[in-house]
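Visitor: What follows is a predicted protein model with its sequence.
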Amino acid sequence: MILLSPAWTSLLYLAASVCFILALRGLSSPRSARRGNLIGALGAVIAVVTVFLSVRLANIPWILAAIAVGSLVAAPVARRVKMTQMPQLVALFNGVGGGAAALVAFLELDHAPDPWLWLAIVFTLLVGAVSFAGSAVTFAKLQELITTRPILFPGLPVLMAAVLVAAVAAAAVVMATGSTALAVALLVLGLAAGTLLVLPVGGADVPIVISLLNAFTGLAVAASGVVLGNVLLVVAGTLVGASGTILTRAMAAAMGRSVAGILFGAFRGGSTAGSTVVSERPVRSSSPEDVAVLLGYAQHVIIVPGYGLAVAQGQHTAAELAQALEARGITVEFAIHPVAGRMPGHMNVLLAEANVPYESLKEMGEINGEFKTADVALVVGANDVVNPAARTSPGSPIYGMPILEVAAARQVVFLKRSMRPGFAGIENELLYEPQTSLLFGDAKESLAKVLGAVKAL
């Protein structure tokens, strides 16, 4: 039974679209991100309810059962996932979206009345499959189920080109004949293309590829909206595609790289590959007490959090240390690199979760000029984003990447697990400078020891 007229359906779809736009606006800042999430969820609820009330649906029990199963799986996973694993979760959700769009297009093969609709179908089949397979590989890399280093083998570029040409040819034949068998072949070729696209990408670049695949999923969803004649899917998919593209470009710019260099840089040795090589060069080590003295008698301290802080779940201890220093009259700020936590906003959310005031979180462009006035820069689990090689070594894989100007501080203290390089697989010369000292150990445990020593001063 259809309970909503076309006019009411259009109005509700418009309301859902506005919710999605406001959600994106809210997600642009940690301060409003929670509200943005809720608004986006409201838009999704409006959209789903509107479909149930405006379309004559078959197999409603099966649909409700699928929604129930999906909710029972997704809700606990989303609640229990660690903040450090959020990129993996985003990759999974994104892959599921692309796969769902491809399946919808496949089921509509027998209902395409004109060539334009066939074009939308084959586009959705191919791009949705690419997004699904690529997202699965990014998840496996971030979860370290497979190596984070670029996976290369002889003939890979030729194989990628052959798969792409075969996919275009299969798409053309599907449009001409409506062959179900070739549509299946197109899906398989899309899966192969997505896998081959991501395999050569190094670990530090994977989050950028997730954002790119998110844009692919958005385009696939928009095309599936054309297939189904659903305006809301077109609007929502276009929003995701546009925002994913903008985010991809922003992340690539933050790394000082081009999107093409990120995807294909490994073929010419320019991808961030990761490394397990540990340096044996001498460095100046410190104890928690030594670091506490440096911090406790400083006037201006800048804390530089990195992925190591996130992995150790040390954000609350870092916030406590900042509060203890501020209680002594010391100015404390947090310097946030755009990709310090693997994805934009990741580090902001971690620190906001620990009740660090928003005004203490300074973005790279805002904080870089202040390092020269800082008595101590405390680097917690970061490496590549403070590596001067980005400015001084033209042959370096991170050359040209905007960095935090930690080297300008009077004293630099690194909290690191070991001398292992960062994702870029290169040494950080700043570690060997005379103003630099290192405190080795788990970031959370090291921060706790420094905090205790500061309180004992």
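Guide: Nice, thanks for sending it over.

Visitor: all strands for this structure, in order.
Guide: Using DSSP state E, the strands of the chain run over 300-305, 331-336, 361-363, 376-380, 411-416, 436-440.

Visitor: just checking, what packs against the shortest one?
Guide: For strand 361-363, the packing partners by 3 or more C-beta pairs under 8 Å, 6 or more residues apart in numbering; DSSP states H and E come out as strand 331-336, helix 346-353. (C-beta placed from N, C-alpha, C; glycine too.)

Visitor: Quick one: residues contacting the closest residue to residue 308 other than its chain neighbours.
Guide: Sequence neighbours aside, residue 381 is the residue nearest to residue 308 in space, at 1.9 Å (criterion: C-beta to C-beta, 6 or more residues apart in numbering). By C-beta atoms under 8 Å, 6 or more residues apart in numbering, the residues touching residue 381 are 305, 306, 307, 308, 309, 310, 311, 312, 314, 415, 416, 443.

Visitor: what separates residue 381 from residue 101, distance-wise?
Guide: Counting by C-beta to C-beta, to the nearest Å, the gap from residue 381 to residue 101 is 37 Å.

Visitor: how is the chain carved up into domains?
Guide: Domain segmentation of the chain under automatic domain parsing yields 81-268, 288-455.

Visitor: export those to JSON lines and tack on mean pLDDT and distance to residue 65?
Guide: Formatted as JSON lines, these follow (pLDDT from 0 to 100; distance: least, C-beta to C-beta, whole Å):
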{"stretch": "domain 81-268", "mean pLDDT": "87", "distance to residue 65": "16"}
{"stretch": "domain 288-455", "mean pLDDT": "87", "distance to residue 65": "34"}
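
Visitor: Just put these in a markdown table and tack on distance to residue 10.
Guide: Converted to a markdown table, these look like this (distance: least, C-beta to C-beta, whole Å):
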| stretch | distance to residue 10 |
| --- | --- |
| domain 81-268 | 8 |
| domain 288-455 | 34 |
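
Visitor: Minimum distance to residue 33: which of those domains has it?
Guide: Nearest to residue 33 among these is domain 288-455; the distance by C-beta to C-beta comes to 7.1 Å.

Visitor: just the helices in the stretch 151-300 of the chain please.
Guide: Applying DSSP state H, counting those that start in this stretch to the stretch 151-300 of the chain gives helices spanning 156-177, 180-198, 206-228, 231-254, 259-264, 288-296.

Visitor: Any idea which of these gets closest to residue 90?
Guide: helix 206-228 (5.9 Å).

Visitor: Who are the packing partners of that closest one?
Guide: Checking 3+ C-beta pairs under 8 Å, 6+ apart, helix 206-228 ends up next to helix 86-107, helix 115-142, helix 180-198, helix 231-254, helix 259-264.

Visitor: For that helix, output the C-alpha coordinates as PDB.
Guide: Extracted C-alpha coordinates of helix 206-228, given in PDB (Å, rounded to 0.1, in the frame of the first residue of the first chain):
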ATOM      1  CA  VAL A 206      46.200   4.000   2.400                       C
ATOM      2  CA  PRO A 207      43.900   6.500   4.300                       C
ATOM      3  CA  ILE A 208      44.100   8.800   1.200                       C
ATOM      4  CA  VAL A 209      43.000   5.900  -1.000                       C
ATOM      5  CA  ILE A 210      40.100   5.200   1.400                       C
ATOM      6  CA  SER A 211      38.900   8.700   0.800                       C
ATOM      7  CA  LEU A 212      39.300   8.200  -3.000                       C
ATOM      8  CA  LEU A 213      37.300   5.000  -2.800                       C
ATOM      9  CA  ASN A 214      34.700   6.700  -0.800                       C
ATOM     10  CA  ALA A 215      34.300   9.200  -3.700                       C
ATOM     11  CA  PHE A 216      34.000   6.200  -6.000                       C
ATOM     12  CA  THR A 217      31.200   4.700  -3.800                       C
ATOM     13  CA  GLY A 218      29.400   8.000  -3.900                       C
ATOM     14  CA  LEU A 219      29.500   8.100  -7.700                       C
ATOM     15  CA  ALA A 220      28.300   4.500  -7.800                       C
ATOM     16  CA  VAL A 221      25.400   5.300  -5.500                       C
ATOM     17  CA  ALA A 222      24.500   8.300  -7.600                       C
ATOM     18  CA  ALA A 223      24.400   6.200 -10.700                       C
ATOM     19  CA  SER A 224      22.300   3.600  -8.900                       C
ATOM     20  CA  GLY A 225      19.900   6.400  -8.200                       C
ATOM     21  CA  VAL A 226      19.600   7.000 -11.900                       C
ATOM     22  CA  VAL A 227      19.000   3.200 -12.400                       C
ATOM     23  CA  LEU A 228      16.300   3.100  -9.800                       C
END
